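In: My questions concern the predicted model and sequence given below.
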Amino acid sequence: MEGVYQFPYLPRLARFEILVNAISDGASNLTWCVVTFEYADTHDGARWLGLTTTQHVASRPGGPVVQPEAARRSLDARCAAACDAEGDRQSRTARGDSSAGLAESVATGAKPAADPESFDRQFDFDSVRASRQLDEILRNIVEHLSAAPGADVELTLEIIAAAKGFDDRVRRVVNENAGEPGAKTQEFE
C-alpha cells in the first residue's frame, strides 16, 4: 500500500502503549506535513479514509501511519470532492431546486453573500489551564480553519506579565527559555 510506513520488527518496544502515544503525538503535530505523519482508519484502494490531522488519535494495532505526501493527496482529493459537491448545491440553488428563500434571491437577481475570506480572534488564557485551552483551540478551531481550501493559518501567542519586580534570576531564566521556541521579541521593562 503506497504511503504507509511499515515497521514489522521493533525489538526495543517495551509496551504497545509507548507506540500508541508516539503515534498520537506525531499525528497531533501542527507541522505534520513537514515533520511527522498522519493516521488513518483504512485505505479504500484510492484514498485514505478517516484521515486525522493535527489532533491526538487512539491508534489500534494494524492502524496505518500515513506518509505526509500520501496524506496530502488524500486530503486534496477530499477537498476537491467537497468543492464539487458545493458547486452542485449552488447550481441546484440557481435552478430553484433548493429552499424558497434561496430561490427567491436568485429570481430577484440578488447576489448571495460572499463567503468570508479571513478570520481573526484573540483568546485570553488562564495561566493554570492554558495548555488545555490551547489544545481545545487547536482541535476545535485551527483544525477546521486549516482544512479550508487554500487556507493559510498563522498562530501568535503573546505573553504579558506584570509584577512588583522581576529579579535577576527570573529575567535570566525567562530570557534563556523565551528564545528557544522561536520568540519574535522579548523584553523586560
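Out: Arrived safely.

In: the strands in the chain, which residues?
Out: 38-39, 42-43, 48-49, 65-66 (DSSP state E).

In: Indicate which one of those strands is closest to residue 136.
Out: strand 38-39 (20.1 Å; C-beta to C-beta). The way it works is simple: take the backbone N, C-alpha and C, and place the C-beta from them, glycine included.

In: What helices and strands are in contact with the closest one?
Out: Judged by 3 or more C-beta pairs under 8 Å, 6 or more residues apart in numbering; DSSP states H and E, strand 38-39 is in contact with helix 16-27, strand 65-66.

In: just to revisit the earlier point, out of the strands of the chain, which is the most enclosed?
Out: strand 38-39 (a mean of 28; mean count of other C-beta atoms under 10 Å).

In: and the nearest residue to residue 125 once chain neighbours are set aside, how far is that from residue 126?
Out: Nearest non-adjacent residue to residue 125, counting by C-beta to C-beta, 6 or more residues apart in numbering: residue 133, 5.3 Å away. Using C-beta to C-beta, to the nearest Å, residue 133 is found at 7 Å from residue 126.

In: who has more neighbours, those two?
Out: Using other C-beta atoms under 10 Å as the criterion, residue 133 and residue 126 rank with residue 133 on top: 14 against 8.

In: wait, that one sits on residue 123?
Out: Yes. Here residue 133 reaches residue 123: they are 7.2 Å apart, a contact under C-beta atoms under 8 Å.

In: Could you say which of the helices and strands packed on strand 38-39 is packed most deeply?
Out: Highest mean neighbour count among these (mean count of other C-beta under 10 Å): strand 65-66, a mean of 24.

In: starting at the chain centroid, how far to it?
Out: Distance, stretch centre to chain centre, for strand 65-66: 16 Å (C-alpha atoms, centre = their mean, to the nearest Å).

In: pLDDT of it, averaged?
Out: For strand 65-66, mean pLDDT rounds to 83.

In: What helices and strands are in contact with it?
Out: strand 38-39.

In: Distance check, the residue nearest to residue 125 against residue 186.
Out: In terms of C-beta to C-beta, residue 133 sits 22 Å off from residue 186.

In: swap in residue 37?
Out: To residue 186, residue 37 is 33 Å away according to C-beta to C-beta.

In: Same question for residue 145.
Out: Residue 145 is 27 Å from residue 186, by C-beta to C-beta.

In: Kind regards, and thank you for your time.
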